[in-house]
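Undergrad: From the sequence below, what's the structure:
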Amino acid sequence: MNFFIPLISTLAMVACFIALFIGLCSAPWQLLVLILLGGLRMTEKLLQDNQRRSLADENPTIAFSQFANRR
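TA: Just a heads-up that it's a prediction; the model follows:
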């Protein structure tokens, strides 16, 4: 599942750049596509951050100083 999100957003960006450079589309349509692609990239970034945080919550770091002077 995590593999498809970067793949889809990368393919969408490539398609957008092809449309921009070939010039088959009008300017408002290109602007809409760029806004949507920006949303895809931000969604991908937020999902990666969320996954990293959830992994950090599952495996918290151990403060070894709390075990240092136990008697």
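Undergrad: and the helix or strand that contains residue 39, what other elements does it pack with?
TA: Taking DSSP states H and E as the definition, residue 39 sits inside helix 27-58. Packing partners of helix 27-58 (3 or more C-beta pairs under 8 Å, 6 or more residues apart in numbering; DSSP states H and E): helix 4-22. Quick note: C-beta positions are derived from backbone N, CA and C, even for glycine.
Undergrad: Name the residues that touch the helix it packs on?
TA: 25, 30, 33-34, 36-37, 40-41, 43-44, 47 (C-beta atoms under 8 Å, 6 or more residues apart in numbering).
Undergrad: Please point out which parts of that helix sit buried.
TA: 9, 13, 16 (16 or more other C-beta atoms under 10 Å).
Undergrad: would a markdown table of those with distance to residue 53 be doable?
TA: Listed next are the buried residues of helix 4-22 as a markdown table, based on distance: C-beta to C-beta, whole Å:
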| residue | distance to residue 53 |
| --- | --- |
| 9 | 21 |
| 13 | 26 |
| 16 | 30 |
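Undergrad: Go through those residues and name the one nearest residue 52.
TA: The closest of the buried residues of helix 4-22 to residue 52 turns out to be residue 9 (C-beta to C-beta; 17.9 Å).
Undergrad: Grab the nearest non-local neighbour of that closest one.
TA: If the residues on either side of it in the chain are set aside, residue 9 comes closest to residue 40, at 4.2 Å by C-beta to C-beta, 6 or more residues apart in numbering.
Undergrad: quick one: the one you found from residue 29, how far?
TA: 17 Å (C-beta to C-beta, to the nearest Å).
Undergrad: more crowded one of the two?
TA: residue 40 (16 against 11; other C-beta atoms under 10 Å).
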